[in-house]
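Novice: 3D model of this:
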Amino acid sequence: MPPRYQEGLERNARLRIEGARNLVGAARAANVKRMVAQSIAFIYAPGAGARVESDPLNGDRAVARTVEGVKALEESVLALPEGIVLRYGYLYGPGTWFEAPAKPPSLYIDAAAQATVLALARGRHGLYNIAEDDGAVSSEKAKRELGFAAGFRL
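Specialist: Numbers count the residues shown, from 1 in each chain. This next block holds a predicted model:
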């Protein structure tokens, strides 16, 4: 584990909890109704088959603080009338840590950008898994409702 890894996880959770609450509060004050937030698709509880948006998040004690942060961010954004949360897989491609998929669920950076544009243009309130078809999560809802294509490349 890299030095100060746990400290980084704590800062990340705090950003998700306090940052999302503050950002959504400011959005409400400005009468903003639509917000798209990035979340993570690799936080589901283990189980058979590809995880869908309604499946429970991981309850393992080792990731409890991360899950707490994810839940807080998602709940804050989804409290808005047009709140949309995109649960991305592990990003790869130029400008990321990896040039190729490192582990499932994976997502090429161009496809992540495309999903964000689609969510802004036609997304409806709710959660969407955004990842490749590698068996870890199902992106069927995003394909059906947003027109998401995991193979999208610029």
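Novice: I'd guess residue 152 is in a helix, am I close?
Specialist: No. Assignment of residue 152 by DSSP: H, G, I helix; E, B strand; the rest coil gives coil, placing it outside any helix.
Novice: Could you list the buried residues of stretch 8-17?
Specialist: By 16 or more other Cβ atoms under 10 Å, the buried positions in stretch 8-17 come out as 13, 16-17. The way it works is simple: take the backbone N, C-alpha and C, and place the C-beta from them, glycine included.
Novice: Same check on stretch 86-105?
Specialist: Buried, per 16+ other Cβ under 10 Å, within stretch 86-105: 86-93, 101, 104-105.
Novice: Okay, and which of those residues map to strands?
Specialist: Those of those mapping onto strands are 86-88, 90-92, per DSSP state E.
Novice: Could you list the low-pLDDT ranges of the protein?
Specialist: Within the chain, the segments meeting pLDDT under 70 span 1.
Novice: Spell out the residue ranges of the strands in it.
Specialist: Taking DSSP E as the criterion, the chain carries its strands at 34-40, 82-88, 90-92, 106-108, 126-130.
Novice: would you turn those into JSON lines with distance to residue 61?
Specialist: Supplementary listing: those in JSON lines, determined by distance: least, Cβ to Cβ, whole Å:
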{"stretch": "strand 34-40", "distance to residue 61": "18"}
{"stretch": "strand 82-88", "distance to residue 61": "22"}
{"stretch": "strand 90-92", "distance to residue 61": "22"}
{"stretch": "strand 106-108", "distance to residue 61": "26"}
{"stretch": "strand 126-130", "distance to residue 61": "24"}
